[in-house]
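[1] this one's structure only:
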């Protein structure tokens, strides 16, 4: 079976992890700060807070921005459920903004229309979470302008977009957002096994996320409510979480990050080859504008005839091609239906979902495998 995604572990990755295993620190040692510094350098963000998953990073980002009971948070319906769940963890009300039919990313026109309606009813969001589907950035400049006009904060869910660029700057720079989030799940661009990171240029947000990452505990004398009892003393200042990344994970991520640009370049070559192989098939292929250089976490095709999707999907799987679908619209999940959402609420997202298939995309995918995938796909569409 050709998987839709696969991690690549090199000998240098193994050596980096082994070095930590032989060291004095498996967790809360020097590897995590080194990894954070590396990601800050790669993105030009001023602060990086590494955690045990991108979901944890999204949760901390919401809390740092004051999301709580009665807050309103909007995100995209085409994403993994964590993009919405992070706000629900805080007790917030969640809503969604429909997408662009060609990219799957949050549609700026739909966002503006929804904001204008919300202003009339005094129901504007506190936070908007755009999702960079498949590794290509949303139109963050325009979303930023809307944030200034309507008064909301922005969390970029850039889980797919490590190494991507928008307007000639690294995604994660936070030029147009308060906080950006990356994922290091094994099928993402680089991996720490499980893990995530929050990036920001605002020191007060970074301080909040660092505190909440580790139980809300601090050893900083300046933050304590009474004089320290001694070198052993700490205080729990807030109700935090155990969201720490281990040094084992960080060492793997730090090693992988040294190959980030070659990985992105290989993914770009694979995407270009797919474009060539599939150009004459009755499909919609991924669309990028001049502002975007995608990380190509996913290569998502859209069938012109959505009634054939299951047949094509099953046929590809039967041929040993591990395709997938990204994603089932969040608002159609039973949990969110219990909150009042239903099919029909976001028609463009639903139509997008009914047409899409994610083809295999990982650096070790060969040209011969891509040729085979395209031939099977053509046979299925012809039949």
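    Done, it's in. As the structure is a computational prediction, the values presented were derived from the model and not from experiment.
[2] could you pull out the strands for the stretch 51-200 of the chain?
    72-75, 93-96, 127-129, 153-157, 165-166, 169-170, 179-183, 196-200 (DSSP state E, counting those that start in this stretch).
[3] which one of those lies closest to residue 144?
    Residue 144 lies closest to strand 153-157 among those, at 6.7 Å (Cβ to Cβ). No exception for glycine: its C-beta is placed from N, CA and C like everyone else's.
[4] re the thing from before, most tightly packed of the strands of the stretch 51-200 of the chain?
    The highest mean neighbour count among the strands of the stretch 51-200 of the chain, using mean count of other Cβ atoms under 10 Å, belongs to strand 179-183: a mean of 31.
[5] Give me the number of neighbouring residues for the spatially closest residue to residue 241 that is not a sequence neighbour.
    Among residues not flanking residue 241 along the chain, residue 212 sits closest, at 6.2 Å (Cβ to Cβ, 6 or more residues apart in numbering). By other Cβ atoms under 10 Å, the residues close to residue 212 number 23.
[6] quick check, residue 212 in a helix?
    Yes: counting by DSSP: H, G, I helix; E, B strand; the rest coil, residue 212 is located in a helix.
[7] and it, how far is that from residue 114?
    Residue 212 is 30 Å from residue 114, where distance means Cβ to Cβ, to the nearest Å.
[8] Could you do residue 30 as well?
    Computed as Cβ to Cβ, the residue 30 to residue 114 distance reads 46 Å.
[9] OK, contacts around residue 92?
    By Cβ atoms under 8 Å, 6 or more residues apart in numbering, the contact list for residue 92 reads 62, 67, 68, 69, 70, 71, 72, 73, 126, 127.
[10] Walk me through the domains of the protein.
    11-257, 260-382 (automatic domain parsing).
[11] Next, format these as JSON lines and append distance to residue 2 and mean pLDDT.
    Output for the domains of the chain, formatted as JSON lines (distance: least, Cβ to Cβ, whole Å; pLDDT from 0 to 100):
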{"stretch": "domain 11-257", "distance to residue 2": "13", "mean pLDDT": "98"}
{"stretch": "domain 260-382", "distance to residue 2": "5", "mean pLDDT": "98"}
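[12] Would you mind finding the most buried of those domains?
    Counting by mean count of other Cβ under 10 Å, the most buried of the domains of the chain turns out to be domain 11-257, with a mean of 20.
[13] next one: phi and psi at the closest residue to residue 380 other than its chain neighbours?
    Once flanking residues are discounted, residue 380 sits nearest to residue 315: 4.3 Å by Cβ to Cβ, 6+ apart. In terms of degrees, to the nearest 10, the main-chain angles of residue 315 are phi -70, psi -40.
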